[in-house]
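Asker: Mind folding the following:
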Amino acid sequence: MNEMTRPVADVMSDLGVQARQASYALANAPTETKNLALSEAAKALRADINGILEANAKDVAKGKEVGMSASFLDRLTLDADRIEAMAAGLEAIAELPDPIGDIMSEWDRPNGLHIERVRTPLGVIGVIYESRPNVTADAGALCLKSGNASILRGGSDSYHSSRAIHACLVKGLTAAGLPASAIQIVPTTDRAAVGEMLKGLGGNVDVIVPRGGKGLVGRVQSEARVPVFSHLEGICHVYVDKAADADKAKAIVVNAKMRRTGICGAAETLLIDRSIAQTIGKDVLAALSEEGCSIRGSADVLALCPAADAANEDDWSTEYLDSIISVCLVDGVEGAIRHIATYSSSHTESIITEDAAAADRFLKEVDSAIVMHNASTQFADGGEFGMGAEIGIATGRMHARGPVGLEQLTSFKYRVHGTGQTRP
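Answerer: Numbers count the residues shown, from 1 in each chain. Next up is the predicted model:
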C-alpha cells in the first residue's frame with residue numbers, strides 16, 4: 001500500500017512545506033469559511049457513503065486475513081450509522097465557538113499602552129493514529145476549526161478507509177475556497193514517514209498528537225523533536241475516603257472501572273481508607289465482583305475479598321484496559337495522595353467523600369491532569385467537559401493538559417496599542 005514513486009523523505013518534506021503555506025490561509029480564514037468547509041465535508045461524507053464502505057471493506061478483509069482481534073476489527077469497521085456519526089461530528093464542531101481571535105485578557109499601563117493577549121493557531125499539527133478511521137474526520141476537523149493545518153498519518157490497518165474519509169474533507173475545503181493542503185494525509189504506510197514527521201519536516205510541524213496504544217505513544221514521546229500532546233498510559237485511581245457515602249461509593253467505583261474498561265479514563269486502581277475496610281470497602285469489593293471484575297489486592301484486601309488474587313508490585317503501575325482492578329488499603333487521604341504520587345500516570349484521579357476538607361486537600365495536592373470529587377473517572381473526556389470533540393488527553397505540564405480541544409490547539413500573541421509612546 002505505497003502509491004509513491006519518490007523517496008519518502010522528499011514526499012514528506014513537500015507535505016510539510018504545503019501545510020505551512022496552507023496554515024497562513026487558515027490562520028486568517030473567517031469563522032464562516034471554516035464552518036462552511038466543515039458542513040460541506042459532512043455533506044460529502046453522506047453523499048459518498050458507498051465509496052467509504054467499499055474502502056472500509058478492503059481494510060476489514062485485510063484485518064481478518066492477518067488475524068486481527070475482534071475488538072480491533074470492531075474499531076476498524078464502519079457502517080452507515082458510524083459514518084453518519086462522523087458527519088454529525090463535523091457539524092457539531094462547526095457549531096462550537098471559534099477560539100481564534102478571542103481576547104484572553106487585556107489591560108492598560110500607566111503610560112497609556114493598551115495590551116491584549118489574543119488567541120492564535122499553533123500552525124501545523126501532525127496527528128499520528130492507529131486503527132480508528134473516524135479519527136481522520138475528528139482530527140482534521142478540530143485542526144481546521146482552530147485555524148491549524150494538519151498532516152494526518154493513519155494506521156496501515158485503516159489505510160483505504162482513512163483516504164476515503166480524507167477525500168471528503170478535501171471536498172469541503174475546496175467548496176469553501178480553502179487550500180486543499182490544509183488537511184493532508186500521508187500517502188504511504190511506510191513507517192519511515194512517521195520518522196520524518198517526528199523530525200519536524202524541516203521545521204514545518206509545530207506539534208505532534210499521537211492517538212493509539214502505548215507502543216505508538218512511547219515511540220512518539222522518545223523520538224519527537226517537536227512538542228507532543230499525549231498521554232502514555234491512563235493509570236487512574238479512585239480513592240474511597242472514610243467519609244464516603246456508601247451508595248455513591250459503590251455506584252462510582254463500579255462505573256469508573258466497568259462502564260468501558262478499554263478507555264484511558266477507566267479506573268485501574270482502587271484505594272480504600274483502612275478505617276472503612278470492613279464496611280463500605282467490603283461492599284464496594286463485592287459490587288465489583290458481582291459485575292465480573294477481577295480483583296488483585298494487597299494482603300489485607302485478600303482478607304476482605306477471598307475471591308481476590310494477590311497483587312504484586314507491577315500491578316500498581318499497570319493499565320489493564322480490562323475487567324481487572326488493583327486494590328490497596330491506605331491510611332486516610334494522606335496515604336491515598338502518597339500512593340497516587342508514586343504510581344499515577346498523571347491522567348485522572350477521583351476521591352469519594354462527604355468531607356469537604358478531605359476533598360479540598362485531595363484536589364489541591366494530587367498533581368494529575370484531571371482530579372475529581374464524587375464523580376466517575378470515565379467523565380475524563382472533552383465532550384463530557386462541554387468542550388465538544390477532543391483530539392486526545394494530554395498529561396504533560398506544558399501548554400495543553402487534560403482534554404485537548406479547540407482552545408488547547410491554540411497559542412496566543414500580544415497586541416499592543418499605543419498613541420505615540422516611546423520608551424525613555
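Asker: In three-state terms, label Arg85 for me.
Answerer: I think there's a mix-up here, since residue 85 is Ala and not Arg. Counting by DSSP: H, G, I helix; E, B strand; the rest coil, the backbone at Ala85 sits in helix.
Asker: How about it: what's its closest non-neighbour residue?
Answerer: Asn134 (7.5 Å; CB to CB, 6 or more residues apart in numbering). No exception for glycine: its C-beta is placed from N, CA and C like everyone else's.
Asker: Am I right that Ser411 is in a helix?
Answerer: No - inclusion of Ser411 in a helix is not indicated when three-state DSSP is applied; the result is strand.
Asker: quick one: contacts for it?
Answerer: Listed by CB atoms under 8 Å, 6 or more residues apart in numbering, the contact partners of Ser411 are Arg119, Thr120, Pro121, Leu122, His399.
Asker: The residue nearest to Ala85 is in contact with Glu84, isn't it?
Answerer: No - taking CB atoms under 8 Å as the definition, Asn134 is not a contact partner of Glu84, at 11.3 Å.
Asker: and those two? which has more neighbours close in?
Answerer: Neighbours per residue (other CB atoms under 10 Å) separate Asn134 from Glu84, with Asn134 holding more: 19 against 14.
Asker: Now the more buried one. Its backbone dihedrals?
Answerer: Dihedral angles phi and psi of Asn134 (degrees, to the nearest 10) take the values phi -70, psi -20.
Asker: now the one 3 residues further on
Answerer: Note on Ala137: its backbone torsions stand at phi -70, psi -50 [degrees, to the nearest 10].
Asker: ok, for it, nearest residue in space, not its chain neighbours?
Answerer: Residue nearest to Ala137 in three dimensions, not counting chain neighbours: Met86, with 4.5 Å by CB to CB, 6+ apart.
Asker: Report the separation between the one you found and Thr189.
Answerer: Distance check for Met86 against Thr189: by CB to CB, to the nearest Å, it reads 22 Å.
Asker: Which one's more surrounded, the two?
Answerer: Met86 (24 against 16).
Asker: My guess is the more buried one contacts Leu45. True?
Answerer: Yes - contact criterion CB under 8 Å: Met86 and Leu45 qualify, at 5.8 Å.
Asker: list residues touching both of the two?
Answerer: Taking CB under 8 Å, 6+ apart as the contact rule, Met86 and Leu45 both touch Ala137, Ile165.
Asker: Looking at this protein, which helix is longest?
Answerer: Identified as the longest helix of the chain according to DSSP state H is helix 8-27.
Asker: For the helix or strand following it, which helices and strands make contact with it?
Answerer: Past helix 8-27, heading to the C-terminal end, the next element that is a helix or strand (DSSP states H and E) is helix 31-47. Contacting helix 31-47 under the criterion 3 or more CB pairs under 8 Å, 6 or more residues apart in numbering; DSSP states H and E are the following elements: helix 80-95, helix 134-145, helix 159-175.
Asker: Return the list of strands paired to the helix or strand following the last one, each annotated with direction.
Answerer: For helix 159-175, the following helix or strand on the C-terminal side (DSSP H and E) is strand 183-185. The sheet places strand 183-185 alongside strand 149-153 (parallel), with pairing taken from DSSP bridges.
Asker: How about residues contacting the partner strand?
Answerer: Under CB under 8 Å, 6+ apart, the answer for strand 149-153 is 15-16, 19-20, 22-23, 26, 123-129, 136, 139-140, 143-144, 162, 166, 181-186, 193-194, 197, 201, 205.
Asker: For stretch 330-343, give the mean pLDDT please.
Answerer: The average pLDDT within stretch 330-343 is 97.
Asker: can you give me how far it is from the chain middle?
Answerer: 26 Å (CA atoms, centre = their mean, to the nearest Å).
Asker: go on, stretch 201-217?
Answerer: 13 Å.
Asker: buried residues in that stretch?
Answerer: Of all the residues in stretch 201-217, those buried under the rule 16 or more other CB atoms under 10 Å are Leu201, Asn204, Val205, Asp206, Val207, Ile208, Val209, Pro210, Arg211, Gly212, Leu216, Val217.
Asker: What about those residues, which are in helices?
Answerer: Applying DSSP H to the buried residues of stretch 201-217, the entries found in helices are Leu216, Val217.
Asker: Dump the buried residues of stretch 201-217 to a markdown table, plus distance to Leu90 and pLDDT.
Answerer: Compiled in a markdown table, these are given as follows (distance: CB to CB, whole Å; pLDDT from 0 to 100):
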| residue | distance to Leu90 | pLDDT |
| --- | --- | --- |
| Leu201 | 26 | 96 |
| Asn204 | 26 | 97 |
| Val205 | 24 | 97 |
| Asp206 | 23 | 96 |
| Val207 | 22 | 95 |
| Ile208 | 23 | 94 |
| Val209 | 18 | 92 |
| Pro210 | 22 | 91 |
| Arg211 | 17 | 86 |
| Gly212 | 22 | 79 |
| Leu216 | 25 | 85 |
| Val217 | 26 | 85 |
